[in-house]
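# Would you be able to build a 3D model of this:
(one chain, ligands or ions: 1)
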Amino acid sequence: MDEAKRAAGTAAAALVEPGMRLGLGTGSTVAHLLDALAARRVADIAGIPTSRATEERCRELGIALLSPEDVAELDLAIDGADEFDASFQVTKGGGGALLREKVVATMARRFVVVATPDKEVERLGRSFPLPVEIVPFARGPVRRALEARGASVVLRRDASGPVLTDNGNEILDATFPAGIEDPAVLDLVLAAEPGVVTSGLFIDLVDEVILGAPDGTTVHRRTPETPAD
Ligand code: A5P
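Residues are numbered from 1 along each chain as shown. Presented below is the predicted three-dimensional model:
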């Protein structure tokens, strides 16, 4: 699996051109992207990291950093995903970085997901829970709202208690036994729920998906609207 992730991350690094302003995702697939990017030494690039972990890794690798204050738009954002469907709707946030990831993806003219083929699903939210970042005070009402929509919900915890995101919020992981029937509708419903910061649903944001295989090959899939290179 790691070889497949490396293949996807390395192929995505090849999309980066001199002078680009980048969105730099989070996770084990993006870790390979960062390594490959640093190895390429592309001139005058800088990126907004989507987590403290990515920020730290970029500092180690010498990749220049930006903040969302610095630029109005990004040329290219690259990030992993937990699941994606045939319409390129994706879920993210397995690593807890969903909010910053969504802010950065929304700033990008081109958003590329790096993944492996096992992450393609018919319906989102069934085999991998949908993360929902919440303000702790709203934990009960949001949990009940998700349960009313058929989800089984757990508060993400580690040994020291509820996991806090880089933004100081909590995460509810919501599994939908029948899958999410209409991801775009659920995204809107959750966005209107007081106390929800954001959900891991990334609706109509993805332009391309690069899939890596264990033999090092990749498949590059684009939405019908995305021009080929
Ligand atoms: C981080 O919060 C996530 O959105 C990751 O991008 C996602 O979980 C994919 O991670 P891996 O590349 O480690 O599978």
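# Where does pLDDT dip in this structure?
The chain contains residues with pLDDT under 70 at 227-229.
# Could you pull out the helices in it for me?
2-13, 28-40, 52-61, 98-107, 139-148, 183-191 (DSSP state H).
# For residue 215, which of these is the nearest?
helix 2-13 (7.7 Å; C-beta to C-beta). From N, CA and C alone the C-beta is placed, and that goes for glycine too.
# tell me the angle of that closest one relative to helix 28-40?
Interaxial angle of helix 2-13 relative to helix 28-40 (axes from the mean of the first three to the mean of the last three C-alpha atoms, to 10 degrees): 50 degrees.
# Can you add mean neighbour count and distance to residue 69 and give the helices of the chain back as JSON lines?
Listed next are the helices of the chain as JSON lines, based on neighbours: other C-beta atoms under 10 Å; distance: least, C-beta to C-beta, whole Å:
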{"stretch": "helix 2-13", "mean neighbour count": "22", "distance to residue 69": "25"}
{"stretch": "helix 28-40", "mean neighbour count": "20", "distance to residue 69": "22"}
{"stretch": "helix 52-61", "mean neighbour count": "16", "distance to residue 69": "15"}
{"stretch": "helix 98-107", "mean neighbour count": "22", "distance to residue 69": "11"}
{"stretch": "helix 139-148", "mean neighbour count": "16", "distance to residue 69": "29"}
{"stretch": "helix 183-191", "mean neighbour count": "17", "distance to residue 69": "24"}
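# Could you list the residues in contact with stretch 217-229?
7-8, 11, 15, 88, 110, 117, 206-213 (C-beta atoms under 8 Å, 6 or more residues apart in numbering).
# Which among those residues count as buried?
7-8, 11, 15, 88, 110, 206-212 (16 or more other C-beta atoms under 10 Å).
# Closest one to the ligand out of those residues, please.
Using C-beta to the nearest ligand atom, residue 8 is the member of the buried ones among the contacts of stretch 217-229 that lies nearest the ligand, at 8.7 Å.
# Cross-check the contact I'm expecting between the closest one and residue 214.
No - if you go by C-beta atoms under 8 Å, residue 8 and residue 214 don't touch, sitting 11.1 Å apart.
# Dump the helices of the chain to JSON lines, plus distance to the ligand.
Below are the helices of the chain laid out as JSON lines (distance: least, C-beta to the nearest ligand atom, whole Å):
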{"stretch": "helix 2-13", "distance to the ligand": "6"}
{"stretch": "helix 28-40", "distance to the ligand": "3"}
{"stretch": "helix 52-61", "distance to the ligand": "9"}
{"stretch": "helix 98-107", "distance to the ligand": "5"}
{"stretch": "helix 139-148", "distance to the ligand": "19"}
{"stretch": "helix 183-191", "distance to the ligand": "15"}
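# Pick out the residue nearest the middle of this protein.
residue 92 (4.3 Å; C-alpha atoms, centre = their mean).
# which residues does that residue contact?
79, 80, 81, 82, 98, 101, 102, 131, 200, 202 are the contacts of residue 92 under C-beta under 8 Å, 6+ apart.
# can we see that at 6 Å?
Residues near residue 92 by C-beta atoms under 6 Å, 6 or more residues apart in numbering: 81, 82, 98, 101, 200, 202.
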